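Peer 1: Here is a sequence together with a model predicted from it:
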There are 2 protein chains.
Amino acid sequence: MHPKSRNLSTSHINPRHRFIKKDLDVDLLFYNLRKGDISALSKAITLVESTAGGDSAFAKALLKKSLPHSGKSFRLGITGVPGVGKSTFIEALGIQLITADKKVAVLAIDPSSSQSRGSILGDKTRMEELVKSDKAFIRPSPAGATLGGVARKTREAIILCEAAGYDFIIVETVGVGQSETAVHSMTDFFLLLKLAGAGDDLQGIKRGIMEMADAIVINKADGDNESAAQRARREFQNAVHMLPVKSHQFLVRAFTCSAINSSGIEDIHEHLTDFESQTKESHHFQKRREQQELYWFHQTIEDRLKSDFYHKTDVVSRIKNLEQQILKREITAFDAADAILKQS
Amino acid sequence: MHPKSRNLSTSHINPRHRFIKKDLDVDLLFYNLRKGDISALSKAITLVESTAGGDSAFAKALLKKSLPHSGKSFRLGITGVPGVGKSTFIEALGIQLITADKKVAVLAIDPSSSQSRGSILGDKTRMEELVKSDKAFIRPSPAGATLGGVARKTREAIILCEAAGYDFIIVETVGVGQSETAVHSMTDFFLLLKLAGAGDDLQGIKRGIMEMADAIVINKADGDNESAAQRARREFQNAVHMLPVKSHQFLVRAFTCSAINSSGIEDIHEHLTDFESQTKESHHFQKRREQQELYWFHQTIEDRLKSDFYHKTDVVSRIKNLEQQILKREITAFDAADAILKQS
């Protein structure tokens, strides 16, 4: 079947196909986006998520228009292993934020979901209340083969959400690969959600996460679990004291909460508000944002230099050969690197 | 004055000039190195440290000969801020090792010392006893403008020391920039030397160091400082429990010692011996070594790709311009990266 005719006859197609027409009106889309029209925001994000060559000029134009209107939200990163209650926590916090008259956007980074197109946040029914509110916008993780690609799409979605007037952006991740570093590098505050016991207090912590966290929240502090959660909170609070002091000089605190009962959420909300106002006053807020911008600039350059190199003809097989020679002590790692760079 | 004539008339010259002669006998140097001749080892390290183009073929040949005889030592990394007592600790541990019939080589990484040619270990008199022993070899930090260059020279010095029969290599660093990561990535065991109090327990810890450490040693646990050191040890031991479990599954322990009184050193020595035998049995030892080899291979490739790119004409000034545009929200970090890569 001809794709165009199919495009007209059914809506069960990849949404990006809608933008392959030449008559996409970026000005109109931007106008509606700025009005806060949720369907325009959805369309805009789909446009930047699309990797089709023909779309990128539209996407660039839209982002260029949106950029001057971006940056005014508070960006909260949340990580935690599956089962820790991220959706319930986001729902509970989101309701509080909306009650405080905020517009909340929830995005996700999950590079493992390239096949399933969004395994986290895919099931929006897990945030029943939030999804019903016209002040909330929830978007599943974009598809993508690489973390870099997924991170870029999420960063660009943040810009669009901000241009659409969302003033509180939550970016969640399940922490596959380096996705926590990516979320940490695009948010103003990075929150680590944990459970007491269940192996999650010790073995479940990945390298570097503790040092990235601006706060640690022990969820499911309810019923029989209450005292274990309090104990875990104290242990984490002590551990945090042994880690390097954050550049924002804001004390890294450990909290407990029961997201399902909405208890403890208010304290966390208040902490976030204090953090925002104090780091804005000390200019750390702006400084972290600027550092993040430059981080993504240089990171993208370096990622591309690497991927261009590793995609050259024969490089992969020659690297495999050299690796074998290194492990057999026939060549030093440095001489092997010299050799492959000289030949490429 | 003509450099050659000066070369003949005085010995106050850069030692590498000695190797610019064509008649360097690599076979003889290697023969003497393998015999354990300290002056041959010194010459060999000077040769690989030399960056003169004419020498690199000799250096490569020597390393190629040495490689099959390398890898049999235990490599211990030590870091700690200035004043923590690294030299005294190395002296105390070194004496114990020599008494246990080990041959000990002490190398240093200090990328800040490119001007002064070796600020750490430069003053060998700080290890009076060790320096007198014919079973010890002490070498100051090599000169070098970049950490990558200094790290490479140190890695190659390790190979030469091992080929010369040294079976215990200590690599120390003061922890400038990323030098701790470099030392961690070239040693079998990474020891963090600390002091109780003096701000060193909290503020003094750099990001990531706690997670890299295979053991933490609180030095100067003597006199009035004894109880504070014990307290610090307990605090660190608790903090370690909150960090991710090491892949070697070997408990990260906190010790106290008084290097100046040689007390507590025996326990640490025993711990290192246990670590070596247990990780060799579990094959983690070999696995970590292999991972390190491949790490240096890929790291060198990536560093060179970056430095080649940043050294291209105009790249630095164009990057500065794009950075300004990013911070003014005229372009996204990603589009800026695309732009500079397309033009280069």
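Peer 2: Happy to help now that I have it. Residues are numbered from 1 along each chain as shown, chains lettered A, B, ... in the order given.

Peer 1: touching chain B at all, the helix or strand containing A:Lys43?
Peer 2: Following DSSP states H and E, one finds A:Lys43 within helix A:38-49. No: using CB under 8 Å from any CB of the partner chain, we find that helix A:38-49 stays clear of chain B, coming within 9.8 Å at best. Where you see a C-beta, it was placed from the backbone N, CA and C, and this is true even at glycine.

Peer 1: Enumerate every residue touching the residue of the stretch 1-150 of chain A found nearest chain B.
Peer 2: Relative to chain B, the nearest point of the stretch 1-150 of chain A is A:Leu67 (4.5 Å; CB to the nearest CB). Counting by CB atoms under 8 Å, 6 or more residues apart in numbering or on different chains, A:Leu67 makes contact with A:Ile159, A:Ala163, B:Arg329, B:Glu330, B:Ile331, B:Thr332.

Peer 1: one step back: C-alpha coordinates for the helix holding A:Lys43, CSV please?
Peer 2: Taking C-alpha atoms only, helix A:38-49 is exported to CSV below (Å, rounded to 0.1, in the frame of the first residue of the first chain):
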residue,chain,number,x,y,z
ILE,A,38,-1.7,20.0,25.3
SER,A,39,-2.2,18.5,21.9
ALA,A,40,0.2,21.1,20.3
LEU,A,41,2.8,20.2,22.9
SER,A,42,2.3,16.5,22.2
LYS,A,43,2.7,17.1,18.5
ALA,A,44,5.8,19.3,19.1
ILE,A,45,7.5,16.6,21.2
THR,A,46,6.6,13.9,18.5
LEU,A,47,8.2,16.2,16.0
VAL,A,48,11.5,16.6,17.9
GLU,A,49,11.5,12.9,18.7
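
Peer 1: which residues sit against that helix?
Peer 2: Defining contact as CB under 8 Å, 6+ apart, one finds that helix A:38-49 is touched by A:15-16, A:18-19, A:24, A:29-30, A:32-33, A:55, A:58-59, A:62-63, A:66, A:134, A:137, A:139, A:142-143, A:153, A:156-157, A:160-161, A:164.

Peer 1: next helix or strand past that helix?
Peer 2: helix A:53-66.

Peer 1: Now do that next one, average pLDDT.
Peer 2: For helix A:53-66, the mean pLDDT works out to 83.

Peer 1: angle of that helix against helix A:38-49?
Peer 2: Relative orientation of helix A:53-66 and helix A:38-49, computed by axes from the mean of the first three to the mean of the last three CA atoms, to 10 degrees: 120 degrees.

Peer 1: Restricting to C-alpha, output helix A:53-66 in CSV.
Peer 2: C-alpha atoms of helix A:53-66 as CSV (Å, rounded to 0.1, in the frame of the first residue of the first chain):
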residue,chain,number,x,y,z
GLY,A,53,15.7,13.8,8.1
GLY,A,54,12.9,15.8,6.6
ASP,A,55,11.6,16.7,10.0
SER,A,56,14.7,18.0,11.5
ALA,A,57,14.5,21.4,9.9
PHE,A,58,11.0,21.8,11.4
ALA,A,59,12.2,20.5,14.8
LYS,A,60,15.2,22.9,14.7
ALA,A,61,12.9,25.9,13.9
LEU,A,62,10.5,25.0,16.6
LEU,A,63,13.2,24.6,19.2
LYS,A,64,14.8,27.9,18.2
LYS,A,65,11.5,29.6,18.7
SER,A,66,10.9,27.9,22.0
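
Peer 1: hey, which helix is longest across chain A?
Peer 2: helix A:284-310 (DSSP state H).

Peer 1: So for that one, what gets flagged as buried?
Peer 2: Across helix A:284-310, burial judged by 16 or more other CB atoms under 10 Å in any protein chain shown covers A:284-285, A:288, A:292-294, A:296-305, A:309.

Peer 1: OK, contacts around A:Leu294?
Peer 2: B:Glu323, B:Ile326, B:Leu327, B:Ala333.

Peer 1: Perfect, I'm done here.
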